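Colleague: Have a look at this prediction, sequence included:
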Amino acid sequence: MHRLFLIVGLGLGMMASLTPESFAIEFRIDTKLFAAGNKAPTGRNLTLFAGGAVYDFAGEITPDGVPATQQEIAILDTRRLKFVLLDTTREVKTEIDCGELHRFAEDLRNEARESKNPAVKFSADPKFTENFNRTGGLLELTSGVIDYRVETVRPDSTAASDQYGLFADRYAELNTTHPGAAPALPRIHLNSVLVKHGVIPARVERTIVGPGSQKSTAWTEHQVSWQLTRTDRTEITKADRLQVEYKLIKFTEYRQIAPMKK
């Protein structure tokens, strides 16, 4: 799966703010990923929030914009704070507790503090200037190293933004287990601001300023719908079935990385 990128201190404590309404709410976010120089999206994620679980279906998009075969399904149990990952190519699955993910992310953060790459080093201890236009819904986080420009939508209930925030935090930490990943804290900080304002992103643009003031920009576009389709429910049923059918392997084998530190 191609992954881009909620209060830095939020951590696993986000669970305390979730209410029964948060677990009951259902909605979907269809995300397309773009990179600078590409008019067509490079990837797609369909994220379904249903019954206290979040199902994220990730896949490639062909050069002509047609969705290709799914590569991975990530399922977050928001009550138990545990991910189940399904590799639909190898037909295997793995499980990982979010506490273990958090420890992995902290190890990566400590390593990043010694990096000679300014963006990676900044990611270990990010500090942003925040500007939020409540009327227009535009959020800007600036630092001169990593900048975010976010168009947002406001759901009818803050339960939706709370659920999104919980998932996005844990998902950002899951991303750090990919080889070569940078710390998740810039995205975690962004997500905490979104939760604070009770909004969900409709478009996220991230600009990284590299050596010689060269800028690299990537963005995601999010289509939010407040009800699941019949096809969505079919996909959820399929994912639940694959959880039973697929062989369980260790997370480090699944991700093909060195064993995590205890």
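Modeller: Thanks, I have it.
Colleague: which helices and strands sit right next to the lengthiest helix in the chain?
Modeller: Selection of the longest helix in the chain by residue count, based on DSSP state H, yields helix 158-175. Helix 158-175 sits against helix 20-24, strand 43-50, strand 53-61, strand 67-77, helix 98-112, helix 185-197, strand 200-209, with contacts defined as 3 or more Cβ pairs under 8 Å, 6 or more residues apart in numbering; DSSP states H and E. To be clear about C-beta, it is placed using only N, CA and C from the backbone, and glycine gets the same treatment.
Colleague: What are the contacting residues of whichever helix or strand comes after the fifth one?
Modeller: By that I understand helix 98-112. Downstream of helix 98-112, the first helix or strand assigned by DSSP states H and E is helix 118-124. Residues from elsewhere that reach helix 118-124 (Cβ atoms under 8 Å, 6 or more residues apart in numbering): 109-110, 112-115, 143, 145-146, 182-186, 208-211.
Colleague: let's see it at 10 Å
Modeller: For helix 118-124, the surrounding residues in contact (Cβ atoms under 10 Å, 6 or more residues apart in numbering) are 108-115, 117, 126, 143-146, 176, 181-187, 189, 208-211, 216.
Colleague: Distance to residue 30 and mean pLDDT for the helices and strands packed on helix 158-175 - can I get that in CSV?
Modeller: Supplementary listing: the helices and strands packed on helix 158-175 in CSV, determined by distance: least, Cβ to Cβ, whole Å; pLDDT from 0 to 100:
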stretch, distance to residue 30, mean pLDDT
helix 20-24, 21, 62
strand 43-50, 5, 94
strand 53-61, 10, 86
strand 67-77, 10, 81
helix 98-112, 24, 92
helix 185-197, 18, 96
strand 200-209, 11, 96
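Colleague: Would you reformat those as TSV and include distance to residue 86?
Modeller: Formatted as TSV, the helices and strands packed on helix 158-175 follow (distance: least, Cβ to Cβ, whole Å):
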stretch	distance to residue 86
helix 20-24	22
strand 43-50	14
strand 53-61	10
strand 67-77	4
helix 98-112	17
helix 185-197	23
strand 200-209	25
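Colleague: got these as JSON lines, with distance to residue 159 and mean neighbour count columns?
Modeller: Below are the helices and strands packed on helix 158-175 laid out as JSON lines (distance: least, Cβ to Cβ, whole Å; neighbours: other Cβ atoms under 10 Å):
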{"stretch": "helix 20-24", "distance to residue 159": "4", "mean neighbour count": "14"}
{"stretch": "strand 43-50", "distance to residue 159": "10", "mean neighbour count": "21"}
{"stretch": "strand 53-61", "distance to residue 159": "13", "mean neighbour count": "21"}
{"stretch": "strand 67-77", "distance to residue 159": "16", "mean neighbour count": "18"}
{"stretch": "helix 98-112", "distance to residue 159": "20", "mean neighbour count": "17"}
{"stretch": "helix 185-197", "distance to residue 159": "11", "mean neighbour count": "22"}
{"stretch": "strand 200-209", "distance to residue 159": "11", "mean neighbour count": "19"}
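Colleague: quick one: which of those is nearest residue 157?
Modeller: For residue 157, the closest of the helices and strands packed on helix 158-175 is helix 20-24, at 6.8 Å, according to Cβ to Cβ.
Colleague: about what we covered before: ok and the longest helix of the chain relative to helix 185-197, angle-wise?
Modeller: Computed by axes from the mean of the first three to the mean of the last three Cα atoms, to 10 degrees, the angle separating helix 158-175 from helix 185-197 equals 170 degrees.
Colleague: Looking at helix 158-175 now, give me its mean pLDDT.
Modeller: When pLDDT is averaged over helix 158-175, the result is 94.
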